[in-house]
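J.: Model the following, please.
(2 chains)
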There are 2 protein chains.
Amino acid sequence: MEPMHDAASPAATEPLVIMGAGLVGTLLALYLTRRGHPVHLYERLPDPRKTGLREARSINLALSDRGWRGLAGVGVTDDIRKVGIPMYRRVMHDQRGQLTYQPYGQEGQAIFSVSRDSLNRTLLDLAEAKPGVEITFGQKLTQLDLPARRLHLRDVASAREYDVPYQRLFGVDGAWSAVRGAMQRLDRADYSQQYLEYGYKELTIAAGPNGTWQMEKNALHIWPRGNYLMIALPNLDGSFNATLFFPYEGPLSFDSLRTPEEVERFFGEVFPDVVPLMPELDTEFFDHPTGSLVTIRCWPWSYQDSVLLLGDAAHAIVPFYGQGMNAGFEDCTVLDRLLDDLGEGDWGHIMDEFERLRKPNTDAMAELALYNFVEMRDRVADPRFLLQKRIEAKIAAQYPDKWLPLYSRVTFSPDTPYAEAWAAGQRQEAIMARLMPHIQGEEDFDKPEVQELVKSIINE
Amino acid sequence: MEPMHDAASPAATEPLVIMGAGLVGTLLALYLTRRGHPVHLYERLPDPRKTGLREARSINLALSDRGWRGLAGVGVTDDIRKVGIPMYRRVMHDQRGQLTYQPYGQEGQAIFSVSRDSLNRTLLDLAEAKPGVEITFGQKLTQLDLPARRLHLRDVASAREYDVPYQRLFGVDGAWSAVRGAMQRLDRADYSQQYLEYGYKELTIAAGPNGTWQMEKNALHIWPRGNYLMIALPNLDGSFNATLFFPYEGPLSFDSLRTPEEVERFFGEVFPDVVPLMPELDTEFFDHPTGSLVTIRCWPWSYQDSVLLLGDAAHAIVPFYGQGMNAGFEDCTVLDRLLDDLGEGDWGHIMDEFERLRKPNTDAMAELALYNFVEMRDRVADPRFLLQKRIEAKIAAQYPDKWLPLYSRVTFSPDTPYAEAWAAGQRQEAIMARLMPHIQGEEDFDKPEVQELVKSIINE
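T.: The predicted structure is shown next:
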């Protein structure tokens, strides 16, 4: 590695250290190297580009506007757009295979299905192409001496142990962050990890002949079933990745489905339209592990002026709003803006400001993600709920300055912090609770008395 | 150690293992040995009876009815009563040294000030006198292999490491439990630690001549100051242990008091009546560490049929209701009752029932402890609040079957689970909020219209 030299700032030649070279760590490296810093990343796992194997199970993520903004800040959106598939609407599949539709936003607005693995490889290539960035894989953080500012690492392959001193360390090492683990042992470190009583199982919907898609390609598919749900996101090769979110225990649960016959009978009953497209269902259901769903909150996110947590290490959330990665990328945008505004003279102040600004928003995002679980598995199957969403779309069209659906605020409004989006969404939900008793069908919206009511409530 | 032999139950000869020989672990040992089990306790700290030194700072605890019931179950109340001082009421000291009073319960009802150290020594002596009990001090749990049912311990003095197999392990090793630490790393282990923005400092109020008490002996003294408070509990030697609960940061905080002069000026202003009784104030304030105040919640409390958490390891709370130790002793009572009811055939079922029964109650107790912090530092200084408490006492006297003050339900009603006490307390608080606008003085309670109102609300 050739350290970059910046004559104006001698401190800039001292490497910033990032623990974790996942999606957010790698994007953060791209941001920091632009500021003239050498950046050293250490990653526990091996280099995904060199293992010769793709991930056993591919995982898809929904990239949306906050994520795109994060990528745009370092000029890499073009590289990522190539591997993403826009999804313009939700397609709900009922138990008889009937479909209903719910657009995500305005005409042309979409969230993008991207493979985590492709995205990770692309970001790693982009980061490593920068002369100031050095990434070392297979390095496990075994001890972190916070007062001495020293990482103790073990090279997994050789078992060699060594120290890395740092002045600034960014803990971007995911939901089970070892950096956070060390901070959590300090006095007055708030921490919580809370699991849902649901697990998830990744399954595959096969591609059609010649890599065609056997369901609508540009959509996120949902099989809402009240107490549980399945979703599917498209892949470039014509297949879809499906995920079943399902109770661990109970009469219908991972615990209750114990044989291939039980799995087939259950899927045949509740997901009849898609079972013919899942030839590997039996084996996948038992071969793939059942993942758990956790929300992690902690405080503080920083240690003095030397360590800062970002991404899942600071705020891991459940996946139901498709915002985990987007929130992590937004962390990078927010930190970069703070460095613009405050300069790099006082890192203690920068880190304090970052956590103070960011914590209420990631807390709100954690709530939103839990809220959307109920929406996706239950409410989207309710015709009244879908009617309400169509009425909201009409209100938004009529009062564009006063009304924006919650989903759009979260997903398509990167200038609106999550906490503001959540507060506005709750206000709007209260308004809809007053309005909907007057509406039995979409056409009722145009009745003079309903128009009067909408006008008066909206201007309250 | 001579293992006890119980011909009727061969399994009973296999030792039960307890990690932690603090107050709750030792009491648990007394319970389990009565059932015919050999019990092995391992404790990280050295034997407090052999260090030749009393604790550097003595800590007092408030023992109340749930704690007494726990002690009574193994017949050791007489030994403990000798080292306790009954406290019949709160004595509030205002900023001019004026006193007001609030009885804790009915005539003769009291909570007891006991020294943690004396209590611990007494329980250790009682446990070790049982032929089936073996306690090994200075043994640190370095690793816990849950599937293999094996503790890995290090003898602190010799650094010798060794394994201890177990079939049943009780993790009673306190708020920073190493047993819980191992369980927390399993999938789906909920956990949270949350600190108050307040710390505490232990201080001493000196004894008078010939071991006399310089303030009312049989009372818990409170200096409520809105945003902070000091309390004091009596010792047998005439002194009191005082504890200042104070913000870490802010205009009046541990952070703002940096010199002996600042401490003297502050105490002289806000605690003028007691400063002359605190000759060591300056040195103690800076020599004694500032303790932090944490609430710990976790779930589950058990691992299969082999490990169960009790006491602070399962539910550490802040000290403001004086219920931490009492709740831990009650854990022993509840487990003992379950063993009576269910037998010892199926430990998995016993552990499941224990956590299912107990968790809602210790969660409620955690809420109560946080609630009482506000009451003690703020509300007890409000004449309206004290008037409300006197009115509540009158209602309780008039409708003894329908009304019991929250404090009495928590402290003097060991048959009432904490969650029921808290729910009833919240109902009564709502009633008082409707009643108090009609009451300006104690005498108003007897007015016919108030009597009517009370009667109608109470019978709703």
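J.: which residues are there in chain A that come within reach of chain B?
T.: A:Gln184, A:Asp187, A:Arg188, A:Ala189, A:Asp190, A:Tyr191, A:Ser192, A:Gln193, A:Gln194, A:Tyr195, A:Tyr248, A:Ser292 (CB under 8 Å from any CB of the partner chain). Where C-beta positions appear, they are placed from N, C-alpha and C, glycine not excepted.
J.: Return the member of those nearest to chain B.
T.: Nearest to chain B, judged by CB to the nearest CB, of those is A:Ser192 at 3.4 Å.
J.: who's in contact with the closest residue to the closest one other than its chain neighbours?
T.: Excluding the flanking residues, the one nearest A:Ser192 by CB to CB, 6 or more residues apart in numbering or on different chains is B:Ser192, at 3.4 Å. By CB atoms under 8 Å, 6 or more residues apart in numbering or on different chains, B:Ser192 lies in contact with A:Asp190, A:Tyr191, A:Ser192, A:Gln193, A:Gln194, B:Thr295, B:Ile296, B:Arg297, B:Cys298.
J.: beta partners for the second one?
T.: When bridges are called by DSSP bridges, A:Tyr191 pairs up with A:Cys298, B:Gln193.
J.: isn't it right up against B:Tyr195?
T.: No: with contact defined as CB atoms under 8 Å, A:Tyr191 does not count as touching B:Tyr195 (9.7 Å).
J.: still on that earlier bit, ok, the residue nearest to A:Ser192 to B:Leu144 distance?
T.: According to CB to CB, to the nearest Å, B:Ser192 stands 21 Å off from B:Leu144.
J.: so where's the stretch 351-460 of chain A shaky on pLDDT?
T.: Applying pLDDT under 70 to the stretch 351-460 of chain A flags no residue at all.
J.: secondary structure class for the closest residue to chain B within the stretch 351-460 of chain A?
T.: Chain B sits closest to A:Asp352 of the stretch 351-460 of chain A, with a gap of 12.4 Å, by CB to the nearest CB. Of the three states, A:Asp352 takes helix under DSSP: H, G, I helix; E, B strand; the rest coil.
J.: gap between it and A:Glu367?
T.: For A:Asp352, the distance to A:Glu367 - CB to CB - is 24 Å.
J.: any idea whether A:Leu124 is helix, strand or coil?
T.: From three-state DSSP, the assignment for A:Leu124 is helix.
J.: mind listing what it touches?
T.: Taking CB under 8 Å, 6+ apart, one finds A:Ala21, A:Thr26, A:Asp47, A:Pro48, A:Arg49, A:Ile135 in contact with A:Leu124.
J.: Helix or strand: which one has A:His349?
T.: Element membership of A:His349 [criterion: DSSP states H and E] is helix A:347-377.
J.: which parts of that helix are buried?
T.: For helix A:347-377, a neighbour-count test (16 or more other CB atoms under 10 Å in any protein chain shown) marks A:347, A:350-355, A:358-359, A:361-373, A:375-377 as buried.
J.: what do you get for stretch A:332-341?
T.: So, applying 16+ other CB under 10 Å, buried residues of stretch A:332-341: A:Cys332, A:Thr333, A:Val334, A:Leu335, A:Asp336, A:Leu338, A:Leu339.
J.: Helix, strand, or coil at the first one?
T.: This means A:Cys332. helix.
J.: How about the last one?
T.: Applying three-state DSSP to A:Leu339 yields a three-state assignment of helix.
J.: so it makes contact with A:His349?
T.: No: the criterion here is CB under 8 Å, and A:Leu339 misses it with A:His349 at 11.2 Å.
J.: Quick one: residues contacting the residue nearest to A:Val307 when sequence neighbours are not counted.
T.: In this structure, A:Val307 finds its nearest non-sequential neighbour in A:Leu169, 4.7 Å apart by CB to CB, 6+ apart. A:Leu169 is in contact with A:Val17, A:Ile18, A:Met19, A:Arg149, A:Leu151, A:Val179, A:Ser306, A:Val307, A:Leu308, counting by CB under 8 Å, 6+ apart.
J.: Look up which residues are beta-bridged to A:Leu169.
T.: A:Val17, A:Val307.
J.: Help me confirm that A:Leu386 comes into contact with A:Glu375.
T.: No: with contact defined as CB under 8 Å, A:Leu386 does not reach A:Glu375; the gap is 11.3 Å.
J.: before we move on, back to that, next, the contact list for the residue of the stretch 351-460 of chain A closest to chain B, please.
T.: Here A:Asp352 is in contact with A:Ser302 (criterion: CB under 8 Å, 6+ apart).
J.: again with the one 10 residues further on
T.: With contacts defined as CB under 8 Å, 6+ apart, A:Thr362 is in contact with A:Ala314, A:His315, A:Ile317, A:Ala327, A:Tyr418.
J.: Roughly how far does the residue nearest to A:Lys402 when sequence neighbours are not counted sit from A:Pro165?
T.: Spatial nearest neighbour of A:Lys402, excluding adjacent residues (CB to CB, 6+ apart): A:Ile458 at 5.4 Å. To A:Pro165, A:Ile458 is 58 Å away according to CB to CB.
J.: Mind splitting chain A into its structural domains?
T.: Split into domains by the TED database, chain A comes to A:16-83+A:113-190+A:296-374, A:194-292, A:382-459.
J.: buried set for stretch A:429-448?
T.: Result for stretch A:429-448 [16+ other CB under 10 Å]: buried residues A:Ile431, A:Met432, A:Leu435, A:Ile439, A:Phe445.
J.: My error: substitute stretch A:75-86 in the last question.
T.: Buried, per 16+ other CB under 10 Å, within stretch A:75-86: A:Val76, A:Thr77, A:Ile80, A:Val83, A:Gly84, A:Ile85, A:Pro86.
J.: Check whether the third one really touches A:Leu119, as I assumed.
T.: Yes: shown here, A:Ile80 and A:Leu119 form a contact pair, counting by CB under 8 Å, at 6.5 Å.
J.: okay, and the common contacts of those two?
T.: A:Leu63.
J.: can you give me the helices for chain A?
T.: A:23-34, A:65-72, A:77-81, A:116-128, A:178-184, A:260-270, A:281-287, A:312-315, A:324-342, A:347-377, A:383-398, A:406-411, A:418-435, A:448-458 (DSSP state H).
J.: And the contacts of the shortest one?
T.: Contacts to helix A:312-315, defined as CB under 8 Å, 6+ apart, come from residues A:20, A:24, A:171-175, A:177, A:179-180, A:296-298, A:301, A:324, A:327-328, A:331, A:358-359, A:362-363, A:365-366.
J.: if you skip the residues just before and after it, what's nearest to the residue sitting nearest the centre point of chain A?
T.: Centre of chain A computed as the mean C-alpha position; nearest residue by CA atoms, centre = their mean is A:Gly324, 2.1 Å away. Spatial nearest neighbour of A:Gly324, excluding adjacent residues (CB to CB, 6+ apart): A:Ile317 at 5.4 Å.
J.: Roughly how far does the one you found sit from chain B?
T.: 15 Å (CB to the nearest CB, to the nearest Å).
J.: which ones are touching that residue?
T.: A:Ile317 touches A:Thr295, A:Gln323, A:Gly324, A:Ala327, A:Thr362, A:Met365, A:Ala366, A:Ala369, counting by CB under 8 Å, 6+ apart.
J.: how about those in a markdown table, adding distance to B:Asp125?
T.: Listed next are the contacts of A:Ile317 as a markdown table, based on distance: CB to CB, whole Å:
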| residue | distance to B:Asp125 |
| --- | --- |
| A:Thr295 | 46 |
| A:Gln323 | 58 |
| A:Gly324 | 55 |
| A:Ala327 | 56 |
| A:Thr362 | 52 |
| A:Met365 | 55 |
| A:Ala366 | 50 |
| A:Ala369 | 54 |
